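Asks: Here's my sequence, what's the structure:
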Amino acid sequence: MTPAFFRVCAFWFLSIVVAAGLNAQAPGATSVVDEFAEYETPAAKDARLGWWREARFGMFIHWGVYSSLAGEWKGRRVEGYSEHIQRLCKIRRADYFEEVVKPFNPVLFDADSWVRTAKEAGMGYIVITAMHHDGVAMYDSQIDDYNVVKTSRFGRDPLRELKAACDREGLKLGFYYSQATDWSLAEDPRYPEPNGPQRRLACVERKVLPQILELIANYQPALLWGDTPHLNPPGLNERILRAVRKADPNLIVNGRLAGARHGDYLTTADRPAEFGLMRGPDERDWEAIPTTNESYGYHAFDKSHKPPVHFIQLLAKAAGRGGNLLMNFGPRGDGTFAPEDQVILQALAAWWRINGESIRGTERTPLAPQSWGESTLKGRRLYLHVFQWPANGLLRVGGLTADILRASLLGAPTESLDYTRIGPDMELRLPARPVDAADSVVLLECAQPPQGDAEFLVQTNMPNVLSVFTAELRPAPVPKASWRLGKGTSLTSHVQGWSQSDCEVLWRTRLAVAGTFEVSALYDAPDAKGASQVDTVGGKITTAGGLTYGGEVRVSLGRHTLEAPVAVSGMDVVLPLGRVALAAGSFEIKVSAAKITGQELMRLKSLRLVPVAP
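Replies: Below is the predicted model:
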């Protein structure tokens, strides 16, 4: 029998499965919720998510034919995601095919090198774009010839090579698939126009679902990462999910395939630089997807790369709040990682060799947020991720109730640290200098499972930064309301919609000993008259200003009150509020509006309390 015969049989089989999946919801059939029930029991989810929860750290790879353009089309440099270049520059499919798809030839692509690099950096799984919005499949698809194997100079199947490399190195492989956006079909006569429900149904019937089932059957992925579900009718996404669950009940599915309701875990907004405490009922399992600069695909002109310390600390924060970090890299068109990304990967690998046990296999910390950093938990082992080293060498762990059997630094495991219980807190004596400037990890081996309290301990030997992402917003945000936390990107790590006098930001805090502090606020207030950067579905772009900001802010610290005018526009504006002497004990810190003169008061990011001599 010829290969062509097998391809025909495979397509015939997939067509039957697709038809069954798309037509399963007949009149009188079991409801969609009931159909999913067996896959969404706690036992079923625990079985699927076991390896994913253990990993805690993965590599997201946005790589396609657009990578060769590197963010430029015919001399025009695009602003935003480079993988959106076909949309941003309105490139016709025929031109994209001739000038982008066909010439694609990543001669330096080495799957084994990619996988080894990810493994050395501590990543336990890889998710790569099997098909992004441009519609080009990055594997040997028998469903549609619009793929790199059949239409590009490369002529190889990179997903097949990555699957083999991951299997050799013990990493899990997952696939991103854009189930609701495909720009390649806009001029395709096989699909009815205009773009509406019938066209979306045709796209799913003839391409999306056959290709997803093809990926499951031929590559056995461990995870399926969907995207842009809002562009499909909800019922259509649920039909896709129904067929996926039947094809492989053990396949992990993210919350962007058919919405968070039926996904195995929650996905954050794009490019998070900050996220909340993630304590909601639907936030047990979640994944953050930061990227090294502001583009997911390789963008030669985007030099906004964050330093390695940013990602090391973000990884600790995600693990400490019970989530995973799926960190994105956009390899270049030749198949290699950009030099800026290599620097980040090398730093991650160096940190992971010493501290990896403080991330892999850990769970949510029992402690409240701490001024010095984050913490993670593994049974009775509590890991303190110390970002800010105490000047006098005394590290106070707020609200830790467990007895300690031994304390040590992962970077110096043979040397024990001294510790003392002081009321509800534990105080450790640290060396004069940190082992790692980004994140020195202290291991506390506890006699009992450690517990914590809910109050933020204000320290008197280091600056205290109270982020709005650890605060309580009053009144509580409601869906689609303007008063809410931002998405947490570099441009939106603040509260938004502060237009009413009853809006407040509150922290429950405690001081172990009395102290005097200089208090300041950090806020954003983009200039309404000038150009400013904003977040869009395609990344950061520059546009004309919009809202106006201004008024007077009031900060209450227990019985003390400080006020100051909000008069300066810009991003990351520091507003000095004054000095205050605080007594030991529990108290609330609250930020409110004394007066609002703009459309919003400001977009508060954090409050800073710096200890000073009285």
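
Asks: any idea how far residue 79 lies from residue 162?
Replies: 30 Å (C-beta to C-beta, to the nearest Å). The C-beta positions use only the backbone N, C-alpha and C, and glycine is treated the same way.

Asks: Would you mind telling me which of these two has more residues around it?
Replies: Per other C-beta atoms under 10 Å, whichever of residue 79 and residue 162 has more neighbours is residue 162, with 24 against 20.

Asks: That one reaches residue 125, doesn't it?
Replies: No. Taking contacts as C-beta atoms under 8 Å, residue 162 lies outside contact range of residue 125: 11.6 Å.

Asks: shared neighbours of these two, anything?
Replies: The contact sets of residue 162 and residue 125 overlap at residue 173 (C-beta atoms under 8 Å, 6 or more residues apart in numbering).

Asks: Low-confidence regions, this protein specifically.
Replies: 1-34, 193-195, 530-531, 544-545 (pLDDT under 70).

Asks: mind redoing it with 50?
Replies: Applying pLDDT under 50 to the chain flags the ranges 1-32.

Asks: measure residue 398 to residue 519 for me?
Replies: Taking C-beta to C-beta, one finds residue 398 at 19 Å from residue 519.

Asks: could you list every residue that touches the spatially closest residue to residue 62 that is not a sequence neighbour?
Replies: Nearest non-adjacent residue to residue 62, counting by C-beta to C-beta, 6 or more residues apart in numbering: residue 296, 4.0 Å away. Residues in contact with residue 296 (C-beta under 8 Å, 6+ apart) are 60, 62, 81, 82, 83, 270, 328, 330.

Asks: Generate CSV for those, with distance to residue 606 as supplementary columns.
Replies: Converted to CSV, the contacts of residue 296 look like this (distance: C-beta to C-beta, whole Å):
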residue, distance to residue 606
60, 28
62, 31
81, 28
82, 31
83, 32
270, 22
328, 25
330, 30
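
Asks: Between all of these, which two are at the greatest distance?
Replies: 60 and 82 (14.7 Å; C-beta to C-beta).

Asks: Which one of those two is surrounded by more residues?
Replies: residue 82 (30 against 24).

Asks: pretty sure the more buried one is touching residue 293, no?
Replies: No. Here residue 82 does not reach residue 293: they are 9.9 Å apart, not a contact under C-beta under 8 Å.

Asks: hey, what's in contact with both of these two?
Replies: Listed as contacting both residue 82 and residue 293 by C-beta under 8 Å, 6+ apart are 299, 302.

Asks: Show me what the strand or helix carrying residue 587 is packed up against.
Replies: Using DSSP states H and E, residue 587 maps to strand 585-596. Under the contact criterion of 3 or more C-beta pairs under 8 Å, 6 or more residues apart in numbering; DSSP states H and E, strand 585-596 touches strand 504-511, strand 551-557, strand 603-612.

Asks: Tell me which of those lies nearest to residue 97.
Replies: strand 603-612 (43.7 Å).

Asks: Residue 175: neighbouring residues, count only.
Replies: 27.

Asks: which residue sits closest to it, ignoring its sequence neighbours?
Replies: Closest residue to residue 175 apart from its sequence neighbours, by C-beta to C-beta, 6+ apart: residue 130 at 3.9 Å.

Asks: which ones are touching that neighbour?
Replies: By C-beta under 8 Å, 6+ apart, the residues touching residue 130 are 137, 138, 139, 159, 175, 176, 177, 211, 215.
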